[in-house]
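Visitor: 3D model of this:
(chains A and B)
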Amino acid sequence: MNYSAYTIQGARASLKKKHFSSTHLVKACIDEIKEKENLNAFITVCEKEALKKATEADKKIKDGVDLPLLGIPISVKDIYLTKGIRTTAASKILDDFIPQYSATVVKKLEDVGAIIIGKTNCDAWAHGSSGENSDYGPTESPFLEGYVPGGSSSGSAVSVAAQMCFASMGSDTGGSIRLPASFCEIVGLKPTYGRVSRYGIIAMASSLDSIGHFTNTIEESALMLSITAGKDPNDATTPDETVDDYQSYLKKDIKGIRIGIPKEYFAQGLDKRIKEKIEAEIKSLEKQGAKIENISLPNTEYAIACYYIIQPAEVSSNLGRYDGIRYGSARQNFGEEAKRRIMLGTYVLSSGYYDAYYKKAMQIRTLIKKDFDEVFKKVDVVITPVSPTLPWKIGEKSSDPLSMYLSDVYTVTANLAGIPGISVPIGLIQSLPVGLQILGPHFSEGKLFQVGKAILGV
Amino acid sequence: MKINVKHVAKLANLPLSQEEEKKFEKQLSSILEYVEQLNSVDTKNFEITSQITGLENITREDKTSISLFQEEALSNSKSNHNGMFKIKKIL
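Guide: Prediction:
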(Lines give C-alpha, C1' and ligand atoms only; values in the text may rest on other atoms or scores of the structure.)
Protein backbone atom coordinates (compact mmCIF):
# COMPACT_ATOMS: atom_id res chain seq x y z
CA MET A 1 0.00 0.00 0.00
CA ASN A 2 1.10 3.55 -0.55
CA TYR A 3 0.76 5.57 2.60
CA SER A 4 3.27 8.30 1.72
CA ALA A 5 0.48 10.84 1.25
CA TYR A 6 -0.64 10.33 4.85
CA THR A 7 0.39 12.39 7.83
CA ILE A 8 0.23 10.88 11.32
CA GLN A 9 -3.12 12.60 11.86
CA GLY A 10 -4.39 11.39 8.49
CA ALA A 11 -3.27 7.82 9.11
CA ARG A 12 -4.89 7.89 12.56
CA ALA A 13 -8.20 8.98 11.03
CA SER A 14 -8.01 6.17 8.49
CA LEU A 15 -7.08 3.62 11.16
CA LYS A 16 -10.12 4.68 13.15
CA LYS A 17 -12.36 4.33 10.09
CA LYS A 18 -10.76 0.90 9.45
CA HIS A 19 -9.60 1.90 5.94
CA PHE A 20 -6.47 -0.04 6.78
CA SER A 21 -4.97 -1.67 9.84
CA SER A 22 -1.88 -0.92 11.85
CA THR A 23 -0.54 -4.31 10.74
CA HIS A 24 -0.82 -3.09 7.14
CA LEU A 25 1.04 0.10 7.99
CA VAL A 26 3.83 -1.72 9.80
CA LYS A 27 4.20 -4.23 6.97
CA ALA A 28 4.33 -1.42 4.40
CA CYS A 29 7.08 0.30 6.38
CA ILE A 30 9.07 -2.93 6.78
CA ASP A 31 8.81 -3.51 3.00
CA GLU A 32 10.08 0.02 2.38
CA ILE A 33 13.02 -0.52 4.76
CA LYS A 34 13.94 -3.80 3.03
CA GLU A 35 13.63 -2.35 -0.44
CA LYS A 36 15.89 0.58 0.44
CA GLU A 37 18.35 -1.43 2.51
CA ASN A 38 21.21 0.10 0.49
CA LEU A 39 20.60 3.47 2.21
CA ASN A 40 21.71 1.82 5.49
CA ALA A 41 19.21 3.83 7.54
CA PHE A 42 18.70 1.21 10.25
CA ILE A 43 21.06 -0.65 12.55
CA THR A 44 18.31 -2.85 14.01
CA VAL A 45 14.87 -3.45 12.48
CA CYS A 46 12.34 -4.69 15.06
CA GLU A 47 10.10 -6.56 12.62
CA LYS A 48 8.81 -9.22 15.00
CA GLU A 49 8.22 -6.86 17.93
CA ALA A 50 6.60 -4.22 15.71
CA LEU A 51 4.19 -6.69 14.12
CA LYS A 52 3.21 -7.98 17.56
CA LYS A 53 2.57 -4.42 18.73
CA ALA A 54 0.55 -3.77 15.55
CA THR A 55 -1.72 -6.73 16.29
CA GLU A 56 -2.25 -5.36 19.80
CA ALA A 57 -2.93 -1.87 18.38
CA ASP A 58 -5.47 -3.25 15.92
CA LYS A 59 -7.29 -4.94 18.77
CA LYS A 60 -7.33 -1.70 20.77
CA ILE A 61 -8.61 0.24 17.75
CA LYS A 62 -11.37 -2.33 17.35
CA ASP A 63 -12.23 -1.82 21.02
CA GLY A 64 -12.56 1.92 20.43
CA VAL A 65 -9.35 3.02 22.17
CA ASP A 66 -8.24 6.42 20.87
CA LEU A 67 -4.63 7.55 21.42
CA PRO A 68 -2.68 10.13 19.38
CA LEU A 69 -0.14 7.63 17.98
CA LEU A 70 -2.05 4.35 18.33
CA GLY A 71 -0.79 1.99 15.61
CA ILE A 72 1.64 4.49 14.04
CA PRO A 73 5.12 3.17 13.12
CA ILE A 74 8.02 5.43 14.14
CA SER A 75 11.78 4.95 14.45
CA VAL A 76 14.28 6.09 17.08
CA LYS A 77 17.97 6.92 16.81
CA ASP A 78 20.11 4.09 18.14
CA ILE A 79 21.21 6.16 21.14
CA TYR A 80 17.75 5.83 22.75
CA LEU A 81 17.62 2.97 25.25
CA THR A 82 14.89 0.50 24.32
CA LYS A 83 14.22 -2.23 26.85
CA GLY A 84 15.13 -5.63 25.43
CA ILE A 85 16.15 -4.20 22.04
CA ARG A 86 19.83 -3.85 21.16
CA THR A 87 21.12 -0.28 21.47
CA THR A 88 24.56 0.41 19.99
CA ALA A 89 24.99 4.21 19.69
CA ALA A 90 26.38 3.11 16.29
CA SER A 91 29.56 2.11 18.10
CA LYS A 92 31.16 -1.34 18.22
CA ILE A 93 31.73 -0.70 21.94
CA LEU A 94 28.02 -1.39 22.49
CA ASP A 95 27.61 -3.95 19.69
CA ASP A 96 25.86 -6.46 21.97
CA PHE A 97 24.31 -4.10 24.53
CA ILE A 98 20.68 -4.88 25.47
CA PRO A 99 19.19 -2.14 27.72
CA GLN A 100 17.34 -3.14 30.88
CA TYR A 101 15.06 -0.12 30.68
CA SER A 102 13.68 2.36 28.13
CA ALA A 103 14.27 6.11 27.79
CA THR A 104 11.51 8.32 29.22
CA VAL A 105 10.67 9.53 25.70
CA VAL A 106 10.38 5.97 24.38
CA LYS A 107 7.96 5.17 27.21
CA LYS A 108 5.95 8.33 26.56
CA LEU A 109 5.62 7.52 22.86
CA GLU A 110 4.70 3.89 23.53
CA ASP A 111 2.17 4.99 26.14
CA VAL A 112 0.25 6.85 23.43
CA GLY A 113 0.37 3.89 21.09
CA ALA A 114 3.46 4.47 18.88
CA ILE A 115 5.12 1.37 17.43
CA ILE A 116 8.90 1.41 17.27
CA ILE A 117 9.83 -0.16 13.97
CA GLY A 118 13.59 0.05 14.38
CA LYS A 119 16.73 1.73 15.66
CA THR A 120 18.28 4.12 13.18
CA ASN A 121 21.89 4.48 12.10
CA CYS A 122 23.82 7.60 13.10
CA ASP A 123 27.34 8.89 13.60
CA ALA A 124 28.76 6.82 16.46
CA TRP A 125 27.89 8.44 19.82
CA ALA A 126 26.19 11.18 17.72
CA HIS A 127 29.61 12.59 16.76
CA GLY A 128 29.39 13.99 13.27
CA SER A 129 27.60 16.10 10.68
CA SER A 130 27.23 13.61 7.86
CA GLY A 131 26.43 10.13 9.19
CA GLU A 132 29.79 8.85 7.96
CA ASN A 133 31.23 8.23 11.43
CA SER A 134 28.98 5.23 12.12
CA ASP A 135 30.84 2.01 12.96
CA TYR A 136 28.07 0.31 10.96
CA GLY A 137 28.84 2.15 7.73
CA PRO A 138 27.54 5.49 6.40
CA THR A 139 23.86 6.21 5.68
CA GLU A 140 23.22 7.44 2.16
CA SER A 141 21.04 10.31 0.97
CA PRO A 142 17.75 9.16 -0.57
CA PHE A 143 18.01 12.11 -2.99
CA LEU A 144 21.27 11.58 -4.84
CA GLU A 145 23.40 8.45 -4.88
CA GLY A 146 26.73 8.82 -3.14
CA TYR A 147 25.74 11.91 -1.12
CA VAL A 148 25.48 12.28 2.66
CA PRO A 149 22.06 12.67 4.30
CA GLY A 150 23.51 14.91 7.03
CA GLY A 151 24.17 13.87 10.60
CA SER A 152 24.48 12.87 13.21
CA SER A 153 20.83 11.65 13.19
CA SER A 154 21.36 10.41 9.62
CA GLY A 155 19.24 7.25 9.65
CA SER A 156 16.38 8.98 11.46
CA ALA A 157 16.16 11.66 8.76
CA VAL A 158 16.38 9.10 5.95
CA SER A 159 13.76 6.85 7.57
CA VAL A 160 11.22 9.68 7.43
CA ALA A 161 12.29 11.12 4.05
CA ALA A 162 12.27 7.68 2.38
CA GLN A 163 8.82 6.76 3.80
CA MET A 164 10.06 3.99 6.08
CA CYS A 165 8.03 5.39 9.02
CA PHE A 166 5.94 8.43 9.97
CA ALA A 167 8.30 10.15 12.40
CA SER A 168 11.67 9.59 13.98
CA MET A 169 13.30 10.64 17.23
CA GLY A 170 16.80 12.11 16.99
CA SER A 171 19.11 14.19 19.13
CA ASP A 172 20.68 17.60 18.49
CA THR A 173 23.86 18.65 20.30
CA GLY A 174 25.20 21.03 17.64
CA GLY A 175 22.81 20.60 14.72
CA SER A 176 22.34 16.82 14.52
CA ILE A 177 18.59 17.09 13.86
CA ARG A 178 18.41 20.36 11.92
CA LEU A 179 21.22 19.58 9.46
CA PRO A 180 19.96 16.13 8.35
CA ALA A 181 16.39 17.48 8.19
CA SER A 182 17.66 20.19 5.84
CA PHE A 183 19.64 17.65 3.75
CA CYS A 184 16.61 15.32 3.51
CA GLU A 185 13.81 17.82 2.75
CA ILE A 186 11.83 17.22 5.96
CA VAL A 187 11.00 19.11 9.17
CA GLY A 188 13.47 18.76 12.07
CA LEU A 189 12.87 20.23 15.51
CA LYS A 190 15.46 20.91 18.19
CA PRO A 191 13.41 21.96 21.23
CA THR A 192 14.58 24.27 24.03
CA TYR A 193 17.27 22.64 26.19
CA GLY A 194 15.41 20.74 28.93
CA ARG A 195 12.01 20.81 27.22
CA VAL A 196 12.24 17.06 26.50
CA SER A 197 13.76 14.55 28.93
CA ARG A 198 17.22 13.16 28.17
CA TYR A 199 16.79 10.24 30.58
CA GLY A 200 17.79 6.94 28.97
CA ILE A 201 19.37 8.57 25.93
CA ILE A 202 23.10 7.97 25.64
CA ALA A 203 24.71 11.29 26.57
CA MET A 204 26.99 13.17 24.21
CA ALA A 205 27.56 16.65 25.70
CA SER A 206 25.19 17.04 28.64
CA SER A 207 24.84 20.84 28.71
CA LEU A 208 24.02 20.91 24.96
CA ASP A 209 22.03 17.72 24.20
CA SER A 210 18.47 18.40 23.00
CA ILE A 211 15.93 15.71 22.27
CA GLY A 212 13.85 16.31 19.17
CA HIS A 213 12.31 14.70 16.12
CA PHE A 214 11.83 14.49 12.36
CA THR A 215 8.47 14.62 10.57
CA ASN A 216 7.21 15.43 7.09
CA THR A 217 5.01 18.33 8.22
CA ILE A 218 4.86 21.08 10.85
CA GLU A 219 1.53 19.73 12.18
CA GLU A 220 3.16 16.38 12.93
CA SER A 221 6.15 18.09 14.53
CA ALA A 222 3.80 19.97 16.88
CA LEU A 223 1.93 16.77 17.69
CA MET A 224 5.14 14.88 18.51
CA LEU A 225 6.40 17.64 20.82
CA SER A 226 3.11 17.76 22.68
CA ILE A 227 3.75 14.08 23.53
CA THR A 228 7.49 14.17 24.32
CA ALA A 229 7.74 17.51 26.20
CA GLY A 230 7.45 17.96 29.95
CA LYS A 231 9.07 17.56 33.32
CA ASP A 232 10.75 14.27 34.15
CA PRO A 233 11.82 13.56 37.74
CA ASN A 234 14.68 11.51 36.25
CA ASP A 235 16.16 14.50 34.39
CA ALA A 236 16.91 17.46 36.63
CA THR A 237 17.27 19.81 33.63
CA THR A 238 13.57 19.53 32.71
CA PRO A 239 11.80 22.54 34.27
CA ASP A 240 8.31 22.79 35.70
CA GLU A 241 7.33 24.96 32.71
CA THR A 242 3.84 24.19 31.31
CA VAL A 243 3.78 22.50 27.93
CA ASP A 244 2.21 24.90 25.44
CA ASP A 245 -0.82 24.02 23.35
CA TYR A 246 1.27 23.78 20.18
CA GLN A 247 -1.70 22.98 17.94
CA SER A 248 -3.22 26.41 18.73
CA TYR A 249 -0.26 28.15 17.03
CA LEU A 250 -0.99 26.38 13.76
CA LYS A 251 -4.21 28.32 13.35
CA LYS A 252 -2.54 31.73 13.70
CA ASP A 253 -1.31 33.83 10.80
CA ILE A 254 1.96 35.75 11.03
CA LYS A 255 0.67 39.32 10.74
CA GLY A 256 2.82 41.58 12.89
CA ILE A 257 5.34 38.86 13.81
CA ARG A 258 8.78 40.42 14.01
CA ILE A 259 11.44 38.39 12.19
CA GLY A 260 15.13 39.17 12.64
CA ILE A 261 17.66 38.51 9.89
CA PRO A 262 21.16 38.33 11.41
CA LYS A 263 23.77 39.64 8.98
CA GLU A 264 26.47 37.31 10.36
CA TYR A 265 24.57 34.29 9.03
CA PHE A 266 24.43 35.60 5.48
CA ALA A 267 28.06 36.66 5.16
CA GLN A 268 30.95 35.08 3.30
CA GLY A 269 30.95 31.30 3.20
CA LEU A 270 27.25 30.88 2.46
CA ASP A 271 26.43 29.29 -0.90
CA LYS A 272 24.86 32.08 -3.02
CA ARG A 273 22.10 29.82 -4.31
CA ILE A 274 21.05 28.97 -0.74
CA LYS A 275 21.13 32.66 0.16
CA GLU A 276 18.82 33.53 -2.73
CA LYS A 277 16.34 30.80 -1.82
CA ILE A 278 16.16 31.98 1.80
CA GLU A 279 15.78 35.62 0.77
CA ALA A 280 12.84 34.65 -1.44
CA GLU A 281 11.18 32.96 1.55
CA ILE A 282 11.76 36.05 3.71
CA LYS A 283 10.06 38.19 1.03
CA SER A 284 7.07 35.88 1.02
CA LEU A 285 6.81 36.10 4.82
CA GLU A 286 6.89 39.88 4.55
CA LYS A 287 4.01 39.67 2.07
CA GLN A 288 2.08 37.62 4.60
CA GLY A 289 2.40 40.49 7.08
CA ALA A 290 5.58 39.72 9.01
CA LYS A 291 7.87 42.61 9.95
CA ILE A 292 11.41 41.94 8.76
CA GLU A 293 14.28 43.53 10.70
CA ASN A 294 17.99 43.41 10.06
CA ILE A 295 19.80 42.45 13.25
CA SER A 296 23.26 41.48 14.45
CA LEU A 297 24.51 38.59 16.57
CA PRO A 298 28.08 39.87 16.83
CA ASN A 299 29.70 36.91 18.60
CA THR A 300 28.58 34.35 16.02
CA GLU A 301 32.10 34.10 14.62
CA TYR A 302 33.34 32.53 17.87
CA ALA A 303 30.58 29.93 18.10
CA ILE A 304 32.32 26.99 16.42
CA ALA A 305 35.55 27.49 18.39
CA CYS A 306 33.55 27.79 21.61
CA TYR A 307 31.48 24.71 20.75
CA TYR A 308 34.52 22.60 19.83
CA ILE A 309 35.96 23.17 23.29
CA ILE A 310 32.84 22.71 25.43
CA GLN A 311 31.41 19.78 23.48
CA PRO A 312 34.54 17.55 23.41
CA ALA A 313 35.18 18.40 27.07
CA GLU A 314 31.75 17.05 27.99
CA VAL A 315 32.16 14.13 25.55
CA SER A 316 35.43 13.05 27.17
CA SER A 317 33.73 13.06 30.54
CA ASN A 318 30.59 11.21 29.37
CA LEU A 319 32.57 8.56 27.49
CA GLY A 320 34.80 8.01 30.52
CA ARG A 321 32.28 5.49 31.86
CA TYR A 322 32.86 3.03 29.01
CA ASP A 323 35.45 0.77 30.57
CA GLY A 324 34.10 -2.58 29.34
CA ILE A 325 33.57 -3.90 32.88
CA ARG A 326 29.81 -3.81 33.51
CA TYR A 327 28.80 -3.73 29.85
CA GLY A 328 30.27 -3.00 26.43
CA SER A 329 33.78 -3.70 25.20
CA ALA A 330 37.22 -2.20 25.83
CA ARG A 331 38.19 1.43 25.13
CA GLN A 332 40.47 0.68 22.17
CA ASN A 333 37.29 -0.22 20.25
CA PHE A 334 36.16 3.42 20.10
CA GLY A 335 36.05 4.66 16.50
CA GLU A 336 38.35 7.37 15.24
CA GLU A 337 36.06 10.38 15.76
CA ALA A 338 35.18 9.35 19.34
CA LYS A 339 38.89 8.93 20.09
CA ARG A 340 39.63 12.34 18.57
CA ARG A 341 36.98 14.02 20.74
CA ILE A 342 38.01 12.18 23.90
CA MET A 343 41.59 13.36 23.31
CA LEU A 344 40.60 16.95 22.55
CA GLY A 345 38.26 17.11 25.55
CA THR A 346 40.74 15.56 27.93
CA TYR A 347 43.37 18.05 26.78
CA VAL A 348 41.23 21.18 27.25
CA LEU A 349 40.22 19.99 30.73
CA SER A 350 43.72 18.97 31.79
CA SER A 351 45.71 20.73 34.46
CA GLY A 352 47.35 23.89 33.13
CA TYR A 353 45.01 24.20 30.13
CA TYR A 354 41.58 24.35 31.78
CA ASP A 355 41.51 28.14 32.19
CA ALA A 356 42.92 28.89 28.76
CA TYR A 357 40.45 26.69 26.90
CA TYR A 358 37.47 25.44 28.89
CA LYS A 359 36.90 28.44 31.15
CA LYS A 360 37.46 30.81 28.24
CA ALA A 361 34.91 28.93 26.14
CA MET A 362 32.33 29.08 28.95
CA GLN A 363 32.81 32.86 29.09
CA ILE A 364 32.34 33.17 25.34
CA ARG A 365 29.21 31.06 25.74
CA THR A 366 27.86 33.83 27.98
CA LEU A 367 28.48 36.35 25.19
CA ILE A 368 26.71 34.21 22.60
CA LYS A 369 23.74 33.72 24.92
CA LYS A 370 23.61 37.48 25.62
CA ASP A 371 23.54 38.19 21.88
CA PHE A 372 20.32 36.20 21.59
CA ASP A 373 18.83 37.67 24.81
CA GLU A 374 19.31 41.17 23.34
CA VAL A 375 17.95 40.27 19.91
CA PHE A 376 14.82 38.61 21.32
CA LYS A 377 13.91 41.88 23.03
CA LYS A 378 13.41 43.30 19.54
CA VAL A 379 12.16 40.39 17.42
CA ASP A 380 10.01 37.28 17.94
CA VAL A 381 12.05 34.86 15.87
CA VAL A 382 15.26 34.82 13.83
CA ILE A 383 15.64 33.26 10.38
CA THR A 384 18.92 31.84 9.11
CA PRO A 385 20.24 29.15 6.77
CA VAL A 386 20.76 25.68 8.29
CA SER A 387 23.90 24.77 6.37
CA PRO A 388 26.34 27.01 4.50
CA THR A 389 26.61 24.41 1.70
CA LEU A 390 24.53 21.81 -0.10
CA PRO A 391 24.94 18.15 0.96
CA TRP A 392 28.38 16.82 0.04
CA LYS A 393 29.63 13.54 -1.39
CA ILE A 394 30.36 10.65 0.97
CA GLY A 395 34.09 10.76 1.75
CA GLU A 396 34.59 14.37 0.66
CA LYS A 397 35.30 15.77 4.12
CA SER A 398 36.25 12.67 6.09
CA SER A 399 40.01 13.23 6.05
CA ASP A 400 39.73 16.80 7.33
CA PRO A 401 37.85 16.89 10.67
CA LEU A 402 37.99 20.69 10.94
CA SER A 403 36.20 21.25 7.61
CA MET A 404 33.49 18.81 8.79
CA TYR A 405 33.16 20.73 12.08
CA LEU A 406 32.65 24.01 10.20
CA SER A 407 29.46 22.70 8.56
CA ASP A 408 27.77 23.24 11.96
CA VAL A 409 28.45 27.00 11.87
CA TYR A 410 24.78 28.08 11.76
CA THR A 411 23.41 25.46 14.14
CA VAL A 412 25.74 25.27 17.18
CA THR A 413 24.71 28.71 18.46
CA ALA A 414 21.22 27.45 19.40
CA ASN A 415 22.74 24.67 21.50
CA LEU A 416 25.15 27.06 23.23
CA ALA A 417 22.26 29.42 24.04
CA GLY A 418 19.82 26.58 24.80
CA ILE A 419 17.17 28.04 22.48
CA PRO A 420 14.84 26.07 20.17
CA GLY A 421 15.32 25.82 16.42
CA ILE A 422 13.46 24.21 13.57
CA SER A 423 14.59 23.33 10.07
CA VAL A 424 11.95 23.53 7.36
CA PRO A 425 12.44 22.44 3.73
CA ILE A 426 12.39 25.18 1.06
CA GLY A 427 13.10 23.24 -2.11
CA LEU A 428 15.93 21.73 -4.12
CA ILE A 429 19.06 23.01 -5.81
CA GLN A 430 20.43 20.57 -8.40
CA SER A 431 18.39 17.71 -6.89
CA LEU A 432 19.73 18.44 -3.39
CA PRO A 433 17.47 19.76 -0.61
CA VAL A 434 17.84 23.11 1.15
CA GLY A 435 16.48 23.98 4.59
CA LEU A 436 15.72 27.20 6.42
CA GLN A 437 16.22 27.59 10.16
CA ILE A 438 13.88 29.44 12.53
CA LEU A 439 15.23 30.24 16.01
CA GLY A 440 13.28 31.64 18.93
CA PRO A 441 13.65 32.42 22.63
CA HIS A 442 13.48 29.68 25.27
CA PHE A 443 10.16 27.74 25.19
CA SER A 444 8.92 29.50 22.03
CA GLU A 445 8.39 26.27 20.04
CA GLY A 446 4.80 27.33 19.33
CA LYS A 447 6.03 30.44 17.48
CA LEU A 448 8.47 28.32 15.47
CA PHE A 449 5.57 26.12 14.33
CA GLN A 450 3.53 29.23 13.52
CA VAL A 451 6.22 30.72 11.28
CA GLY A 452 7.17 27.30 9.90
CA LYS A 453 3.58 26.77 8.83
CA ALA A 454 3.58 30.12 7.03
CA ILE A 455 6.62 28.97 5.06
CA LEU A 456 5.37 25.50 4.16
CA GLY A 457 1.79 26.59 3.55
CA VAL A 458 -1.14 24.28 4.04
CA MET B 1 51.39 24.61 19.68
CA LYS B 2 52.32 21.01 20.29
CA ILE B 3 50.02 18.63 22.10
CA ASN B 4 51.61 15.80 24.08
CA VAL B 5 49.43 13.05 22.65
CA LYS B 6 50.95 10.24 24.73
CA HIS B 7 50.33 12.11 27.98
CA VAL B 8 46.74 13.06 27.08
CA ALA B 9 45.97 9.48 25.99
CA LYS B 10 47.19 8.29 29.37
CA LEU B 11 44.95 10.81 31.17
CA ALA B 12 42.01 9.67 29.02
CA ASN B 13 42.78 5.97 29.64
CA LEU B 14 42.68 5.57 25.87
CA PRO B 15 45.01 3.06 24.22
CA LEU B 16 46.23 4.50 20.87
CA SER B 17 48.32 2.87 18.16
CA GLN B 18 51.49 4.65 17.02
CA GLU B 19 49.79 5.49 13.79
CA GLU B 20 46.85 7.07 15.64
CA GLU B 21 49.23 9.05 17.86
CA LYS B 22 50.87 10.56 14.80
CA LYS B 23 47.60 11.31 13.05
CA PHE B 24 45.98 12.87 16.14
CA GLU B 25 49.01 15.03 16.91
CA LYS B 26 48.63 16.70 13.54
CA GLN B 27 44.81 16.92 13.52
CA LEU B 28 44.44 18.04 17.15
CA SER B 29 47.09 20.70 16.69
CA SER B 30 45.20 22.19 13.76
CA ILE B 31 41.88 22.11 15.69
CA LEU B 32 43.54 23.77 18.70
CA GLU B 33 45.06 26.39 16.46
CA TYR B 34 41.55 27.16 15.18
CA VAL B 35 39.92 27.39 18.64
CA GLU B 36 42.70 29.64 19.91
CA GLN B 37 41.02 32.53 18.07
CA LEU B 38 39.00 32.87 21.28
CA ASN B 39 42.10 34.37 22.91
CA SER B 40 41.47 37.57 20.95
CA VAL B 41 38.21 38.18 22.88
CA ASP B 42 38.43 40.14 26.11
CA THR B 43 36.38 38.16 28.64
CA LYS B 44 37.85 39.62 31.80
CA ASN B 45 34.58 40.65 33.44
CA PHE B 46 32.39 37.92 32.05
CA GLU B 47 30.75 35.20 34.08
CA ILE B 48 30.95 31.64 32.82
CA THR B 49 27.94 29.77 31.43
CA SER B 50 28.21 26.08 32.26
CA GLN B 51 24.50 25.43 31.71
CA ILE B 52 21.60 27.57 30.52
CA THR B 53 18.56 26.42 32.51
CA GLY B 54 19.22 28.58 35.55
CA LEU B 55 17.88 25.69 37.62
CA GLU B 56 19.73 24.84 40.82
CA ASN B 57 19.49 22.15 43.47
CA ILE B 58 16.73 20.22 41.77
CA THR B 59 15.70 17.29 43.89
CA ARG B 60 12.96 14.75 43.67
CA GLU B 61 10.87 13.28 46.43
CA ASP B 62 12.85 11.02 48.73
CA LYS B 63 10.80 7.96 47.92
CA THR B 64 12.17 4.53 47.14
CA SER B 65 11.03 2.76 44.02
CA ILE B 66 11.83 -0.54 42.37
CA SER B 67 15.20 -0.45 40.64
CA LEU B 68 16.97 -3.12 38.59
CA PHE B 69 17.09 -6.64 39.96
CA GLN B 70 20.56 -8.08 40.47
CA GLU B 71 20.18 -10.42 37.52
CA GLU B 72 19.13 -7.54 35.25
CA ALA B 73 21.96 -5.32 36.43
CA LEU B 74 24.45 -8.04 35.50
CA SER B 75 22.77 -8.95 32.22
CA ASN B 76 25.27 -7.10 30.01
CA SER B 77 28.47 -8.05 31.84
CA LYS B 78 30.79 -10.54 30.20
CA SER B 79 32.25 -11.72 33.46
CA ASN B 80 30.47 -12.13 36.77
CA HIS B 81 30.64 -14.34 39.81
CA ASN B 82 28.09 -15.01 42.57
CA GLY B 83 25.89 -12.13 41.45
CA MET B 84 28.75 -9.61 41.26
CA PHE B 85 30.81 -8.04 38.49
CA LYS B 86 34.14 -9.82 38.18
CA ILE B 87 37.04 -7.58 37.26
CA LYS B 88 40.79 -7.93 36.85
CA LYS B 89 43.05 -7.30 39.82
CA ILE B 90 43.77 -3.58 40.14
CA LEU B 91 46.62 -3.53 42.66
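Visitor: quick one, what contacts the residue of the stretch 1-150 of chain A found nearest chain B?
Guide: Nearest residue of the stretch 1-150 of chain A to chain B: A:Gln100, at 4.6 Å (CB to the nearest CB). Where you see a C-beta, it was placed from the backbone N, CA and C, and this is true even at glycine. Residues in contact with A:Gln100, defined by CB atoms under 8 Å, 6 or more residues apart in numbering or on different chains, are A:83, B:68, B:72-73, B:75-76.
Visitor: Run through the helices of chain B in chain order.
Guide: B:5-11, B:18-35, B:70-73 (DSSP state H).
Visitor: Same list, the ones you listed, but as a markdown table with mean neighbour count please.
Guide: Output for the helices of chain B, formatted as a markdown table (neighbours: other CB atoms under 10 Å in any protein chain shown):
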| stretch | mean neighbour count |
| --- | --- |
| helix B:5-11 | 17 |
| helix B:18-35 | 16 |
| helix B:70-73 | 12 |
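Visitor: Can you lay out those helices as TSV showing mean pLDDT and distance to A:Asn333?
Guide: Listed next are the helices of chain B as TSV, based on pLDDT from 0 to 100; distance: least, CB to CB, whole Å:
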stretch	mean pLDDT	distance to A:Asn333
helix B:5-11	97	15
helix B:18-35	95	13
helix B:70-73	94	23
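Visitor: Tabulate the ones you listed (JSON lines), appending distance to chain A.
Guide: Listed next are these as JSON lines, based on distance: least, CB to the nearest CB, whole Å:
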{"stretch": "helix B:5-11", "distance to chain A": "5"}
{"stretch": "helix B:18-35", "distance to chain A": "4"}
{"stretch": "helix B:70-73", "distance to chain A": "5"}
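Visitor: Now render the ones you listed as CSV, adding distance to A:Gly212.
Guide: Below are the helices of chain B laid out as CSV (distance: least, CB to CB, whole Å):
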stretch, distance to A:Gly212
helix B:5-11, 33
helix B:18-35, 27
helix B:70-73, 30
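Visitor: Determine which of those approaches A:Glu185 most closely.
Guide: Nearest of the helices of chain B to A:Glu185, taken as CB to CB: helix B:18-35 at 31.4 Å.
Visitor: How about the backbone phi and psi for residue 52?
Guide: Picking chain A for this. The phi and psi values for A:Lys52, taken as degrees, to the nearest 10, are phi -60, psi -40.
Visitor: and it, how many neighbours does it have?
Guide: Neighbourhood size, A:Lys52 [other CB atoms under 10 Å in any protein chain shown]: 14.
Visitor: Please apply the same query to the one 10 residues further on.
Guide: Other residues near A:Lys62 come to 10 when the count uses other CB under 10 Å.
Visitor: Please apply the same query to A:Gln288.
Guide: Counted by other CB under 10 Å, the residues lying close to A:Gln288 total 14.
Visitor: Ok, A:Gln332 next?
Guide: Using other CB under 10 Å, A:Gln332 has 13 other residues around it.
Visitor: now A:Leu51
Guide: 17.
Visitor: what's the answer for the one 3 residues further on, then?
Guide: When counting by other CB under 10 Å, one arrives at 23 neighbours for A:Ala54.
Visitor: Assess the claim that it and A:Ile115 are in contact.
Guide: Yes. The pair A:Ala54 / A:Ile115 is scored as a contact, 5.9 Å apart, by CB atoms under 8 Å.
Visitor: Spit out the residues that contact those two alike.
Guide: Residues touching both A:Ala54 and A:Ile115 by CB under 8 Å, 6+ apart: A:22, A:26, A:71, A:73.
Visitor: residues in contact with the third one?
Guide: Think A:Gly71. When contacts are counted by CB under 8 Å, 6+ apart, A:Gly71 touches A:11-12, A:15, A:21-22, A:25, A:54, A:57-58, A:60-61, A:113, A:115.
Visitor: Tell me which helix or strand it sits in.
Guide: In this structure, A:Gly71 is located outside every helix and strand according to DSSP states H and E.
Visitor: quick one: A:Ile74 is in a strand?
Guide: Yes. Under DSSP: H, G, I helix; E, B strand; the rest coil, A:Ile74 sits within a strand.
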